[in-house]
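J.: Could you work out the structure for the sequence below:
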Amino acid sequence: MKKKFLAVLILVLAISQLPQAQTKAADSVVIRVGEGSKVIFAIKDKKDLETLKQYDFQALMNDLINKLENKDTAISRKPSVFYLKDSVKTEKQSASGELEKKDIEEQWSGDNDDDDNNRRSGHEQKKSWGRRTYHSFNIDLGTNNYLSDGKFPDDNNELYTVKPWGSWYVGFNSIQRTQLSRKFFIEWGGGVSWYNFKFQNTRTALAKDDTGVIFSEDLRDFNFIKSKLTATYLNASLIPVLDFGGNRRKSTLFDDHGSDSFRIGVGPYVGYRIDSYSKQVYKDGEKRSNRDHDNFYLNNMRYGLRAQIGFNDIDLFINYDMNELFAAGKGPQLNAFSFGVTF
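T.: Modelled structure (predicted):
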């Protein structure tokens, strides 16, 4: 919207200044924009004014603003006929040496797909820094669990056994995508995530003493509905990605244009715990909820490997913590993991 407004403003100013400018200086028109910027039209032959009427200034200004926002000061290699109005382009014949509309679009679709996508989509694409790094906001949604010596605690019916359904993993991530070669990218950034370990036994209660965390069964005569342990982390990740479609931007479910490509990546992440609590929900005549904020000897740091695989607009992920969930000797030896979909 900002680009269109600026383009329309420049055109209005140009039209309003033309008569006055021609009386003062027939060879140029200077249009001031803002405090310290200006646009200059240099006309050597008044016959060229008729040619100016044939140009699509909206397309020209969109291209100009996009180049300025990306700090691209290189001289444009697009032929001037590229900016002619569509009605004028259709009148051009190939025998005259001019590029027809179809030829122009094919010529520039490869080299300028970023600019063309911005115009075709009708809205501004993901913000870019420079020519090779693009930003996106991703949401991880899935489930989480943990392993003890490579086995699930279910095998021994431990009190900390987790329900597969209802133990949700949620993450919000700000990701930069840096292109290193045509099909090789680095996805890096940070975010916040939540482990929600919902216990299979709704009577599971957490406490701690000087020796470590204690899992016990609450024997009160209540109707227990839910018991869980939640941990919140700030995270950073660095994921090398092979994108066989060579797409600069990573497609998401919310894009109005798909990315017909297969991609795969594996890389490290690290997180720092910023909160944790246990929660019990039960009924003793009325529904009650007890929440206890404590560290429960959870490790302050988590680190591990993330694998992600995607096709078109769908990405799947799996995270595996290489360090244990609890401090050494203060709780069961558990390695947490999560998996789900990224959108």
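
J.: Only C-alpha atoms from now on, for both contacts and neighbour counts.
T.: Will do.

J.: Does A307 lie in a helix or a strand, and which?
T.: strand 301-311 (DSSP states H and E).

J.: next one: G166
T.: Counting by DSSP H and E, there is no helix or strand that carries G166.

J.: L229 and S261: what is the separation?
T.: Per C-alpha to C-alpha, to the nearest Å, L229 is found 39 Å from S261.

J.: Quick check on those two: which one has the bigger neighbour count.
T.: More crowded of L229 and S261, by other C-alpha atoms under 10 Å: L229, with 23 against 15.

J.: Quick check: closest non-adjacent residue to that one.
T.: S278 (4.5 Å; C-alpha to C-alpha, 6 or more residues apart in numbering).

J.: ok, the one you found - contacts?
T.: 206, 227-230, 291-294 (C-alpha atoms under 8 Å, 6 or more residues apart in numbering).

J.: closest to Y320 among the residues you listed?
T.: T230 (17.0 Å; C-alpha to C-alpha).

J.: measure the nearest residue to F326 once chain neighbours are set aside to G329 for me?
T.: Nearest non-adjacent residue to F326, counting by C-alpha to C-alpha, 6+ apart: L298, 4.3 Å away. To G329, L298 is 11 Å away according to C-alpha to C-alpha.

J.: likewise S28?
T.: Where G329 is concerned, S28 sits at a distance of 81 Å (C-alpha to C-alpha).

J.: Then D292?
T.: The gap separating D292 from G329 is 22 Å, by C-alpha to C-alpha.

J.: What of K208?
T.: Distance from K208 to G329, by C-alpha to C-alpha: 13 Å.

J.: and if you look at I239?
T.: Taking C-alpha to C-alpha as the measure, I239 and G329 are separated by 32 Å.

J.: Can you pick out the residue with more neighbours from the two?
T.: It is I239, of I239 and G329, that has more neighbours when counted by other C-alpha under 10 Å, with 21 against 11.

J.: Direction included, what does the helix or strand hosting the more buried one pair against?
T.: Assessed by DSSP H and E, I239 sits inside strand 223-243. Using DSSP bridges, the strands paired with strand 223-243 are strand 184-198 (antiparallel), strand 262-283 (antiparallel).

J.: Tell me the buried residues in it?
T.: Neighbour-count burial for strand 223-243 flags 224, 226-243 (criterion: 16 or more other C-alpha atoms under 10 Å).

J.: Ok, stretch 280-298 next?
T.: Buried, per 16+ other C-alpha under 10 Å, within stretch 280-298: 280-282, 295-298.

J.: Done for today, thanks.
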